[in-house]
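> I would like the atomic coordinates for the input below:
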Amino acid sequence: MSKLVRVNMSTKEVQIQEVPEQYAKLGGRALTSQFILDEVEPTCHPLGPQNKLVFAPGMLSGTSAPSSGRLSVGGKSPLTGTIKESNAGGITAQKLANAGIKALIIEGKPQDKGFSVLKITPDSVEILAGDNVAGKGTYETTAILRKEHGAKAAVVSIGPAGEMLMANAGIANSDIEGNSSRYAGRGGLGAVLGSKGIKAIVVDAPGSFNVPLHNPEAFKAAAQKFSQILLSHPVCGTGLPQFGTNVLMNIISEAGALPTRNFSRGRFEQANEIGGEKLAQVAAERGGLATHACHPGCVMRCSNAYPLPDGKVCSPIEYESAWALGAHCEIDSLDVIGTLNYICNDVGLDTIEAGGTLGILMEAGVIPWGDGAAAIKALEEVGQGTPLGRIIGQGAVFTAQAFGVTKVGAVKGQHMPAYDPRSAKGIGVTYATSTMGADHTAGYAIATNILKSGGYVDPLNKEGQVELSRNLQIATAAVDSSGLCLFVAFALLDNPEGLPAVADMLNAQYGLELSVNDILGIGSNVLKVERTFNQRAGFTKEHDRLPEFFYKENLPPHNVAFDISGDELDQTLNF
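Residues are numbered from 1 along each chain as shown. This next block holds a predicted model:
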């Protein structure tokens, strides 16, 4: 039976409850955001006792639906002050779903200063002492807990950044091999988990695809059809399985939309040295994996395992990470990028925000542009808790304030990912108007602007960008609620049978009669819920804007500025 688990860290009490009717048909982002709106005071301090952290598998997680093992983690963000849903791969979502848990809600705040480990099985939930893993990195923490509780258990953990309540702290999830590499990274929710006194969560449940199905035969047929839709798509079935997400590096640089040297130009001359093709070559030469599945049942396999010269393995180096720690900082070595990425994974930092912050330090002259050794040394200080390390751990905006830098590519306190909004204007609309700060995954307009998936909207022209972003934000919120990986969106955009197949899977699982419009309605409602929370927290439409330099400074090589007005951006609210 599906259930809610509430863990109150003020009283150290655990309650297992039946799922209220209003939450019974929700999952993933739809569920986390609704919980946060219903139960968290929007003006509360994100690290105080009134905030809550909600872990929710997607609606399809725990089934054999292809690429459906995504986990949503929700709370009020210490980085942005907005509502936040951070999405992660790994095996946690499937384990929670197979334990019969629809949502795990962590609330309150302990009086003592120690850290605990939460142990979850299908039959019990325990709060255990975490003294043996406190202060350790996520790799060691995960290894210790897998040894104690079984190699098949999922481990959720924070690193020293989360323990020190840094606003850029993420939450690591273990993958199939037990690497602490699949991050609910954005928004600082690792600091929220740290504020609750929880170092790690262990989820030990048998199987990955054992969630009950209303109509197993109909579900199997729909899942097989959806798998073929994914595998027959050139991005989902060929590009991602061959080179992973970092296949985008050369594509985006060639399009003139790759932010380089802190958004100073749109092309990086050494993009080929840090792109997916080079990564696959080096990984293969060193005995690593050019592509890799982060959870059972993934057919796209867009992750990777990159062996470093010192013998460690960074898994994965995603495109966004390679950009943030590479082109953004004018670093052209995959080994340096992999080392920086490994540090982020171990200390517990979002790689996008960390790379953005290193770029701010370079802009300020604290470390030289392109100096990989200096970047590594600076990032290592985060785990050491030095004054500079604590500044870096608070993210790009905080660091820019500390060093007097005015040029910082962030919205609502969150640093932008790997696309310049001046030469990819649809993603600029998403950055500005997302409910959670600058976030490419909120409405991936790059698909249509540059990859020509779902049609084509000229990335350099403002016409059509608002409508494109709005529609993609709605669809994305629905996908995030389903538990499907966001990359299925390429096939959904190009194949008219894609969304009906998703509806068929949901209907067969839950005994529903959802239409495609009903699924999109889930996405629209998620955005309304999130915007309501933000409005109650004090955010207005004036916060849905890009930093001024994007309007004033032309970006080479196309020499364009962002020219979508505030009134036009406000039209994204019409959902």
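
> So what's the residue count around the nearest residue to residue 442 once chain neighbours are set aside?
Among residues not flanking residue 442 along the chain, residue 434 sits closest, at 3.9 Å (C-beta to C-beta, 6 or more residues apart in numbering). Bear in mind the C-beta positions are built from the backbone N, C-alpha and C, glycine included. Neighbour count for residue 434, taken as other C-beta atoms under 10 Å: 26.

> what do you get for residue 89?
So residue 89, with other C-beta under 10 Å, has 24 neighbours.

> got the contact list for it?
In this structure, residue 89 makes contact with 69-71, 173, 175, 182, 294-295, 298, 303, 485, judged by C-beta atoms under 8 Å, 6 or more residues apart in numbering.

> Make CSV out of the residues you listed and add pLDDT.
CSV is the format used below for the contacts of residue 89 (pLDDT from 0 to 100):
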residue, pLDDT
69, 95
70, 97
71, 98
173, 97
175, 94
182, 96
294, 90
295, 90
298, 94
303, 92
485, 95
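
> farthest-separated two in the residues you listed?
71 and 303 (15.1 Å; C-beta to C-beta).

> quick one, which of the two is more surrounded?
Neighbours per residue, other C-beta under 10 Å: of residue 71 and residue 303, the larger number sits with residue 71, 31 against 27.

> just checking, that one touches residue 61?
Yes. Assessed by C-beta atoms under 8 Å, residue 71 is found in contact with residue 61 at 7.2 Å.

> Need the residues touching each of those two.
Joint contacts of residue 71 and residue 61 (C-beta under 8 Å, 6+ apart) are 28, 93, 96.

> Kindly indicate the member of the contacts of residue 89 with the most neighbours.
Going by other C-beta under 10 Å, residue 69 tops the contacts of residue 89 with 36 neighbours.

> which element is the residue lying closest to residue 538 once chain neighbours are set aside on?
Leaving aside its chain neighbours, residue 538 sits nearest to residue 43 (7.0 Å; criterion: C-beta to C-beta, 6+ apart). Counting by DSSP states H and E, no helix or strand carries residue 43.

> so what's residue 43 up against?
With C-beta under 8 Å, 6+ apart, residue 43 has these contacts: 536-538.

> how about these in TSV, adding neighbour count, distance to residue 319 and secondary structure?
What follows is the contacts of residue 43, written out as TSV (neighbours: other C-beta atoms under 10 Å; distance: C-beta to C-beta, whole Å; DSSP: H, G, I helix; E, B strand; the rest coil):
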residue	neighbour count	distance to residue 319	secondary structure
536	13	35	helix
537	17	31	coil
538	11	34	coil
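
> In a markdown table, list the contacts of residue 89 along with secondary structure.
A markdown table is the format used below for these (DSSP: H, G, I helix; E, B strand; the rest coil):
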| residue | secondary structure |
| --- | --- |
| 69 | coil |
| 70 | coil |
| 71 | strand |
| 173 | strand |
| 175 | coil |
| 182 | strand |
| 294 | coil |
| 295 | coil |
| 298 | coil |
| 303 | strand |
| 485 | coil |
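
> Distance-wise, check residue 568 relative to residue 402.
34 Å (C-beta to C-beta, to the nearest Å).

> More neighbours: those two, which one.
Using other C-beta under 10 Å as the criterion, residue 568 and residue 402 rank with residue 402 on top: 18 against 13.

> tell me which element the closest residue in space to the more buried one that isn't next to it in sequence is part of?
Excluding the flanking residues, the one nearest residue 402 by C-beta to C-beta, 6+ apart is residue 391, at 5.1 Å. According to DSSP H and E, residue 391 maps onto helix 387-393.

> Give me the contacts around that helix.
Contacts of helix 387-393 (C-beta under 8 Å, 6+ apart): 161, 164, 166-169, 349, 354, 357-358, 361, 378-383, 398-399, 402.

> how far is it from where the chain is centred?
Between the centre of helix 387-393 and the centre of its chain there are 22 Å (C-alpha atoms, centre = their mean, to the nearest Å).

> Repeat that for stretch 435-446.
10 Å.

> The stretch 51-200 of the chain: strands as residue ranges?
53-57, 71-76, 83-88, 101-107, 116-120, 125-129, 154-157, 171-174, 180-184, 198-203 (DSSP state E, counting those that start in this stretch).

> Remind me what the first one packs against, helices and strands.
The contact analysis (3 or more C-beta pairs under 8 Å, 6 or more residues apart in numbering; DSSP states H and E) places strand 53-57 against helix 28-39, strand 71-76, helix 92-98, strand 101-107, helix 189-195.

> Tell me the buried residues in it?
For strand 53-57, the neighbour count (16 or more other C-beta atoms under 10 Å) marks 53-57 as buried.

> now stretch 511-523: mean pLDDT?
For stretch 511-523, the mean pLDDT works out to 96.

> would you put the C-alpha positions of that stretch in PDB?
What follows is stretch 511-523, C-alpha atoms only, in PDB (Å, rounded to 0.1, in the frame of the first residue of the first chain):
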ATOM      1  CA  GLY A 511      -6.600   2.800 -13.500                       C
ATOM      2  CA  LEU A 512      -7.200   6.300 -14.700                       C
ATOM      3  CA  GLU A 513      -8.500   7.800 -18.000                       C
ATOM      4  CA  LEU A 514      -6.000  10.600 -18.500                       C
ATOM      5  CA  SER A 515      -5.800  12.300 -21.900                       C
ATOM      6  CA  VAL A 516      -2.800  14.200 -23.300                       C
ATOM      7  CA  ASN A 517      -4.500  17.400 -22.300                       C
ATOM      8  CA  ASP A 518      -4.900  16.100 -18.700                       C
ATOM      9  CA  ILE A 519      -1.200  15.400 -18.500                       C
ATOM     10  CA  LEU A 520      -0.400  18.900 -19.700                       C
ATOM     11  CA  GLY A 521      -2.900  20.100 -17.200                       C
ATOM     12  CA  ILE A 522      -0.800  18.600 -14.500                       C
ATOM     13  CA  GLY A 523       2.100  20.700 -15.700                       C
END
